[in-house]
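Visitor: Next come a sequence and a model predicted from it.
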Amino acid sequence: MTENRSDARLKAELVFGKLQAPPSARDRAFEEINAVRAAGAEKVQRLREARLARELQDKATLKGPSEPGLPETS
């Protein structure tokens, strides 16, 4: 009976080992592509945030403080 268990265990370890095989070249290529895309998306987000902050600053600079008693123009 113990031999039966060890045989089953050996078979299970072989199957598990095949599942844990190193990634293929195709998998590595897709991981690299996804990493490049993620880096590009992060860069786009940083640039968008910087542009919006710059636009808000420019808008505030152009508006400037209004003189007392004069209506503000929008």
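Guide: That came in fine, so what should we check first?
Visitor: what mean pLDDT does the helix or strand hosting residue 35 have?
Guide: Per DSSP states H and E: residue 35 is located in helix 25-63. Across helix 25-63, the average pLDDT comes to 95.
Visitor: what packs against it?
Guide: Helix 25-63 is packed against no helix or strand, with contacts defined by 3 or more C-beta pairs under 8 Å, 6 or more residues apart in numbering; DSSP states H and E. Heads up, the C-betas are built off the backbone N, CA and C, glycines and all.
Visitor: Off-centre distance for that helix?
Guide: 10 Å (C-alpha atoms, centre = their mean, to the nearest Å).
Visitor: What of stretch 15-31?
Guide: Mean C-alpha position of stretch 15-31 versus that of the full chain (C-alpha atoms, centre = their mean) differs by 22 Å.
Visitor: Quote the end-to-end distance of that stretch.
Guide: 24 Å (C-alpha to C-alpha, to the nearest Å).
Visitor: contacts for that stretch?
Guide: Counting contacts by C-beta atoms under 8 Å, 6 or more residues apart in numbering, no residue outside stretch 15-31 touches it.
Visitor: Buried residues in it, which are they?
Guide: If you call a residue buried by 16 or more other C-beta atoms under 10 Å, then stretch 15-31 has no buried ones at all.
Visitor: Quick check: the gap between the residue most central in space within the chain and residue 28.
Guide: Centre of the chain computed as the mean C-alpha position; nearest residue by C-alpha atoms, centre = their mean is residue 38, 4.5 Å away. As for residue 38, its distance to residue 28 is 16 Å (criterion: C-beta to C-beta, to the nearest Å).
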